[in-house]
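> This is the structure alone, sequence omitted:
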């Protein structure tokens, strides 16, 4: 499967909440980097390794219900993939709906996701998370 195909598959599994299958697409030393300021939001920083990455994704699914997940554009080569996504989610405690546009930069090696760098509107997420 191509790098773009692997990323598309990961998006689909993650949107369905199938975190076990999502993790199966990741390298053991996967890195997940949220480009946001720790002083501004709790949804930021770098996670390294499957266990930490899984913990972060579990936390997200406990805080938010994912209503829709759409790939706006995606392109890449044999190892690098760039994607723009639109996500609608609802903060479970506040019931606030959040519509995010994200930029994702992926590295795929040997058929596994090795790194994901995500840029998103931290202000929108933080506002919903104030409940």
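Arrived safely, thanks for sending. Quantities reported herein were computed from a predicted structural model and do not represent experimental measurements.
> Let me see the contact set for residue 31.
46, 47, 48, 114, 115, 116 (CB atoms under 8 Å, 6 or more residues apart in numbering). Bear in mind the C-beta positions are built from the backbone N, C-alpha and C, glycine included.
> Quick one, which of those are buried?
Buried residues within these, counting neighbours by 16 or more other CB atoms under 10 Å: 47, 114, 115, 116.
> From those residues, pick the one nearest residue 3.
residue 114 (10.2 Å; CB to CB).
> sorry, back to before: okay, the buried ones among the contacts of residue 31 in TSV with secondary structure, distance to residue 4 and pLDDT next?
What follows is the buried ones among the contacts of residue 31, written out as TSV (DSSP: H, G, I helix; E, B strand; the rest coil; distance: CB to CB, whole Å; pLDDT from 0 to 100):
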residue	secondary structure	distance to residue 4	pLDDT
47	strand	23	83
114	strand	15	98
115	strand	15	97
116	strand	14	95
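> Identify the farthest-apart pair in those residues.
Going by CB to CB, the pair spanning the buried ones among the contacts of residue 31 furthest: 47 and 114, at 13.0 Å.
> and residue 52, what does it touch?
Neighbours of residue 52 in contact, by CB under 8 Å, 6+ apart: residue 32.
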